[in-house]
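> Need coordinates for the below:
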Amino acid sequence: GEDVARGSLALQAGRLLGPAEIGLAAALGQAGLAVRPLPRIGVFSTGDELAEPGHALAPAQTHDSNRFTLLALLAGLPCEARDLGILPDDADRTAAALADAARDHDLLLTSGGVSTGEEDHVRAAIETGGSLVFWRLAVKPGRPAAMGVLPKAGRDFAAGGTPVVGLPGNPVAAVVCFLHLARPLLLRLAGAEAAPLPRYPAIADFTYRKKAGRREYVRVALRRDGATLRAEKFAREGAGLLSSLTQSDAFAELPEDVTAVTPGDAVAVLPFAGML
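Model (predicted):
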């Protein structure tokens, strides 16, 4: 009883099994544990402007990055992630591909195709083929996000349908919305406790202005000043700058009621370590 007292709870249902948990179960003589099956997550990118990495770019094309960012994020979560490729800018083909994937997956993630452009077909495909839960959020970056449900034959995870999370096309916006929308939903589908994202207090070393009524996530570099954590804003703006994630350490989360940040203000930061 030095390690675990008789009759005490050693491992709670919903806890992710890591090396320590598996070792503890073995130490308690457990040859096996009851676990949930891994949810199957399908990942699409959208748009004729995208080319696969390693392929030559046609005029007005860029290499697809979102799909690979999302697959890497999913690799650290309890799921079976599947690369479903790039959806073309075609309403009928987009609707058919999503409907087909909904039959074999427990959650679909798309990036792009949820704004107001003429070739943004994902939101319309969800509306016509299933039900749209919401569209657009008071978040920057990440406003053109959508979520809905498409019909599904089975009922093993999402009873009656497969949830679809339509992430924005801009890479940083896609990451922000993944962390706040797709991650907790995936953990819920997996039967895990969806722990909130880590937030730590820091002191701003930057000046910033924003609109009221909108939550914003500002990329910052962190440094220690004695016992104080200080946050310095990334020099450039833009939700398409993937380098801002490799050259920063965290998101500073600015709530809806904040309209300005000045040096010395207290801010909450969400460190990339453990999230990305």
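
> what's around Ala101, how many residues?
Applying other C-beta atoms under 10 Å, we find 21 residues neighbouring Ala101. Bear in mind the C-beta positions are built from the backbone N, C-alpha and C, glycine included.

> Make sure it is indeed in a helix.
Yes. With DSSP: H, G, I helix; E, B strand; the rest coil as the criterion, Ala101 is located in a helix.

> Offset the numbering so it begins at 98, please.
With 98 as the first residue, the last one maps to Ala198.

> now the helices: where do they sit in the stretch 198-347 of the chain?
Secondary structure of the stretch 198-347 of the chain (DSSP state H, counting those that start in this stretch): helices at 219-226, 268-274, 280-286, 340-343.

> Pick the most deeply packed of those.
Comparing these by mean neighbour count (mean count of other C-beta atoms under 10 Å), helix 268-274 comes out on top with a mean of 25.

> For that helix, give the mean pLDDT please.
Helix 268-274 carries an average pLDDT of 97.

> Ok, stretch 246-254 next?
68.

> got it, and stretch 133-143?
On average, stretch 133-143 scores 96.

> Hmm, Gly266 is touching Phe141, no?
No. Shown here, Gly266 and Phe141 do not form a contact pair, counting by C-beta atoms under 8 Å, at 11.7 Å.

> which residues does the most centrally placed residue in the chain contact?
Taking C-alpha atoms, centre = their mean, the centroid of the chain lies closest to Phe275, which sits 1.5 Å from it. With contact set as C-beta atoms under 8 Å, 6 or more residues apart in numbering, Phe275 has these partners: 167, 170, 206, 262, 264.

> Now for those: which two are most distant?
Leu170 and Val262 (12.4 Å; C-beta to C-beta).

> Surely Leu170 is within a strand?
No. Assessed with three-state DSSP, Leu170 is helix; it does not lie in a strand.

> show me what contacts it?
272, 275, 280, 373 are the contacts of Leu170 under C-beta under 8 Å, 6+ apart.

> Any stretches of the chain with poor pLDDT?
Along the chain, segments meeting pLDDT under 70 span 250-256.

> ok, now with 80
213-216, 250-257, 291, 371 (pLDDT under 80).

> Distance check, the nearest residue to Asp145 once chain neighbours are set aside against Pro360.
Closest residue to Asp145 apart from its sequence neighbours, by C-beta to C-beta, 6 or more residues apart in numbering: Asp186 at 4.5 Å. Using C-beta to C-beta, to the nearest Å, Asp186 is found at 45 Å from Pro360.

> of those two, who's got more company?
Neighbours were counted for Asp186 and for Pro360 using other C-beta under 10 Å; Asp186 has more, 19 against 11.

> Report the separation between the more buried one and Ser142.
12 Å.

> do Ala363 as well
From Ala363 to Ser142 the distance is 38 Å (C-beta to C-beta).

> So which of the two has more stuff around it?
Shown here are Ala363 and Ser142; by other C-beta under 10 Å, Ser142 has more neighbours (25 against 9).

> any idea how the protein splits into domains?
137-286, 297-368 (automatic domain parsing).

> Which among the ones you listed is found nearest to Glu99?
domain 137-286 (30.9 Å).

> Please list all residues in contact with the residue nearest to Asp145.
143-145, 216, 218.

> Can I get those in JSON lines including distance to Lys249?
Putting these into JSON lines (distance: C-beta to C-beta, whole Å) gives the following:
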{"residue": "Thr143", "distance to Lys249": "21"}
{"residue": "Gly144", "distance to Lys249": "25"}
{"residue": "Asp145", "distance to Lys249": "28"}
{"residue": "Glu216", "distance to Lys249": "27"}
{"residue": "His218", "distance to Lys249": "20"}
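
> Which one of those sits in the busiest neighbourhood?
Thr143 (27 neighbours).

> Can you report phi and psi for it?
Dihedral pair for Thr143: phi -130, psi 150, per degrees, to the nearest 10.

> now swap in Ser162 and tell me
Dihedral angles (degrees, to the nearest 10) for Ser162: phi -120, psi -30.

> Doesn't Phe348 belong to a strand?
Yes. Assessed with three-state DSSP, Phe348 lies in a strand.
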